[in-house]
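Peer 1: Could you look at this predicted model? Sequence included:
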Amino acid sequence: MSQESDSVLVEAAVNGDDESFTELCRRYYPAMVAITHSILGDRHLAEDAAQQAFAKAAVQLPRLTRKNQFGGWIAAICRNAARDMLRTTKPRHVTEEYSIAAVESNENPASEAVKVALASLSASAREVIYLRFYDGMSYEHISAVLGISQQAINGRLRRAKRKLAEQLSRKGFGEVRL
């Protein structure tokens, strides 16, 4: 079943095949957690938001008209769930928990600077950084998830990395090459 296209899986799920929706969840859950993490800055809240989004998607799936664009559709639902969660949770200090896999430990002196630099990025730039470097996605997969071209992904990543490098250089980390 994992070889089926999104549109085939969506159609089967709409017709009552629970395994098809389960496969869609399996296929997209890590990316959706990365997207919500880029918004919320907290891994546990990100998982909650992604789960809420999938629950909402299960109910709204029959309304999806472009069945081949499930990734972009679920990503939009996830972004909205994360933003809703931001409105209802206690505001967090910008540097509290913005991290990616390479910045796991607060003992690393660069960790705080990277957290601040990540927080300074636009939401769309932070999103592609998380998908590429936190979740390890290929450009092709990011393109499918976000519904934008691989060239757009490349441009966003290039601009985000340049801004991160500038931020880190200003913080005294010398010339940073990302």
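Peer 2: Good, I have the coordinates. Residues are numbered from 1 along each chain as shown.

Peer 1: from here on, contacts and neighbour counts on C-alpha atoms
Peer 2: Will do.

Peer 1: which strands and helices sit next to the one helix or strand K115 maps to?
Peer 2: Using DSSP states H and E, K115 falls within helix 109-120. Here helix 109-120 touches helix 150-170, going by 3 or more Cα pairs under 8 Å, 6 or more residues apart in numbering; DSSP states H and E.

Peer 1: all helices in the protein, in order from the N-terminus.
Peer 2: Taking DSSP state H, the helices of the chain run over residues 6-14, 18-40, 43-60, 70-88, 109-120, 123-129, 139-146, 150-170.

Peer 1: Can you tell me which of those helices has the worst average pLDDT?
Peer 2: In terms of average pLDDT, helix 109-120 trails the rest of these, at a mean of 77.

Peer 1: Determine how far it lies from the middle of the whole chain.
Peer 2: How far helix 109-120 lies from its chain's middle: 18 Å, per Cα atoms, centre = their mean, to the nearest Å.

Peer 1: Neighbours of T65, how many?
Peer 2: 9 (other Cα atoms under 10 Å).

Peer 1: follow-up on the earlier one: dump the helices of the chain to TSV, plus mean neighbour count.
Peer 2: Below are the helices of the chain laid out as TSV (neighbours: other Cα atoms under 10 Å):
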stretch	mean neighbour count
helix 6-14	19
helix 18-40	22
helix 43-60	18
helix 70-88	19
helix 109-120	19
helix 123-129	22
helix 139-146	20
helix 150-170	17
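
Peer 1: which non-adjacent residue is nearest the residue at minimal distance from the centre of the chain?
Peer 2: Centroid-nearest residue in the chain, with Cα atoms, centre = their mean: I35, separated by 1.7 Å. In this structure, I35 finds its nearest non-sequential neighbour in E127, 5.5 Å apart by Cα to Cα, 6 or more residues apart in numbering.

Peer 1: what's near enough to touch the one you found?
Peer 2: A34, I35, S38, I39 (Cα atoms under 8 Å, 6 or more residues apart in numbering).

Peer 1: roughly how far apart are it and V116?
Peer 2: 15 Å (Cα to Cα, to the nearest Å).
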